[in-house]
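Colleague: sequence and predicted structure below; questions after.
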2 protein chains.
Amino acid sequence: MEGQHMREIFEAELKQVGDDLVEMSSLVAQAIDKAGRALLGSDLALAQEVIVADQAIDEIERELDSRCVLLLAQQAPVATDLRVVVSALRMSATLERMGDLARHIAQVARGRYPVVAVPSLVDEFTRMHEAATGVARRVESLLQTRDLESAAQIEQNDDVLDELHTGNFAAMLGGEWSGSTQETVDVTLLSRYYERFGDHGVSIAERVTFLVTGEFSDAAMETPTSGTTTH
Amino acid sequence: MEGQHMREIFEAELKQVGDDLVEMSSLVAQAIDKAGRALLGSDLALAQEVIVADQAIDEIERELDSRCVLLLAQQAPVATDLRVVVSALRMSATLERMGDLARHIAQVARGRYPVVAVPSLVDEFTRMHEAATGVARRVESLLQTRDLESAAQIEQNDDVLDELHTGNFAAMLGGEWSGSTQETVDVTLLSRYYERFGDHGVSIAERVTFLVTGEFSDAAMETPTSGTTTH
């Protein structure tokens, strides 16, 4: 195959990979928004919607990953191109996991219907919901535009989630907690789901930042792997 | 570079990737064993050991991943070789996560020292500990030998973890629970950590099974990605 032609195919495939990531992030943003509203409003239909829609996220992940592996096999990309493909593989796994967490939140909402799962901490989970939807919307915008302003906002939202997470545990363990055992279990799980959701958003922010700047941000990454080849 | 020579380099690099995975799995097996003993015996020194040792697991992951990315860049593997490298990238992320979960268990043990975190469910967590160390030891043996008997045993251990997980929640919510709020929170988190540990073990079992047989097992995989290129 002629070089220029191969390059065009590669660019087209790479664009599709990028579009798939944006599509996944858009579905994740819808999922976390609906899951939070299902939780706070004990909305069974909405919870059910999130649970069913998670399959579409998983499906895109499978397509995206097989596209990446084919790209590696047929185009043998190097340098930046290789970094983009490997990062896409990692980010699709992260987005899939964010979709799972939204589904877990929806499952708790569904399990407690028709009552609200977290009656003692409605304000706190409202704020978690806002911060998590903020993370998800900015992940979508970051993947679309590569504007690193979104990366900074994701980290801020994640800080808010961490604070609320710590606060929820303090509320339960502070001695004045009158929630039922069911609520204690639910708050523990839900709070952790939201906190993890934020962590995953930060991991995507750091990968995109690395792709754009060639450098990891100061924030420690759990697995700053794609960076090691260029340092 | 001459073809035969490149092939030799590739084989040597690939062997190193395999050795790194075995080394990671061995450290994970030690971590989950020590974390469980720290939890059940409220052993502060042992908990501390697990927390510190997790950094070594993270370090091997970084080395392994940069080795895989270099392999992709310099050797442009295809077919089975490519599948092996991409699977190694995924399995190292999974093993790193299993290390994190062992660390989380150790952190709960450390936080409750000198008392045992789960006084009401010591027998149940003893069984979770046994099943989880079973998962970890068999993951190590599977990565070492590719003997699929280990894969089957991992799935059995995971079933045990799922049952115990469900049982712990039933115990807390069954109406006769007299544990403190702290214990409710701890049981919720610990039970989930063990359950996730088992899931990750199964995901490795399925990847190795696929590499050996070319087919995914019947058990549904969360992300059966590496399979999609050959079906």
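Modeller: Yes, it's here.
Colleague: show me what from chain A comes close to chain B.
Modeller: Taking C-beta under 8 Å from any C-beta of the partner chain as the measure of proximity, chain A contacts chain B at A:58, A:61-63, A:65-66, A:69-70, A:72-73, A:76, A:78-79, A:82-83, A:86, A:89-90, A:93, A:96, A:100, A:169, A:172-173, A:177, A:181-182, A:184-185, A:188-189, A:192, A:222-226, A:228-229. (Glycine included, C-beta is placed from N, CA and C.)
Colleague: if you set the cut-off to 6 Å instead, what comes out?
Modeller: A:61-62, A:65-66, A:69-70, A:72-73, A:76, A:78, A:82, A:86, A:172-173, A:177, A:181-182, A:184-185, A:188, A:223, A:225, A:228-229 (C-beta under 6 Å from any C-beta of the partner chain).
Colleague: need the contact partners of stretch A:126-143.
Modeller: Residues from elsewhere that reach stretch A:126-143 (C-beta atoms under 6 Å, 6 or more residues apart in numbering or on different chains): A:21-22, A:25-26, A:28-29, A:32-33, A:36, A:150-151, A:153-154, A:157, A:160-161, A:164, A:194, A:197-198, A:201, A:204, A:208.
Colleague: now intersect these with the helices, please.
Modeller: Among these, the members found in helices (DSSP state H) are A:21-22, A:25-26, A:28-29, A:32-33, A:36, A:150-151, A:153-154, A:157, A:160-161, A:164, A:194, A:197-198, A:201, A:204, A:208.
Colleague: how close does A:Ile60 sit to A:Met91?
Modeller: 12 Å (C-beta to C-beta, to the nearest Å).
Colleague: the more surrounded of these two?
Modeller: A:Met91 (23 against 19; other C-beta atoms under 10 Å in any protein chain shown).
Colleague: list the contacts for the more buried one?
Modeller: A:21, A:204, A:207.
Colleague: C-terminal to the host helix or strand of it, which secondary structure element comes first?
Modeller: Under the criterion of DSSP states H and E, A:Met91 resides in helix A:79-112. The first helix or strand that comes after helix A:79-112 along the chain, using DSSP H and E, is helix A:122-145.
Colleague: buried stuff in that following helix?
Modeller: A:124-125, A:127-143 (16 or more other C-beta atoms under 10 Å in any protein chain shown).
Colleague: centre of the chain to that helix, how far?
Modeller: 9 Å (C-alpha atoms, centre = their mean, to the nearest Å).
Colleague: any idea of the angle it forms with helix A:79-112?
Modeller: For helix A:122-145 against helix A:79-112, the angle by axes from the mean of the first three to the mean of the last three C-alpha atoms, to 10 degrees is 150 degrees.
Colleague: contacts only, for the spatially most central residue of chain A.
Modeller: Computing the C-alpha centroid of chain A and ranking residues by C-alpha atoms, centre = their mean puts A:Met98 first, at 3.8 Å. Listed by C-beta under 6 Å, 6+ apart, the contact set of A:Met98 reads A:28, A:197, A:200.
Colleague: before we move on, back to that, and the residues of chain A next to chain B, which of them are buried?
Modeller: A:61-62, A:65-66, A:69, A:72-73, A:76, A:82, A:86, A:172, A:177, A:181-182, A:184-185, A:188, A:223, A:225, A:229.
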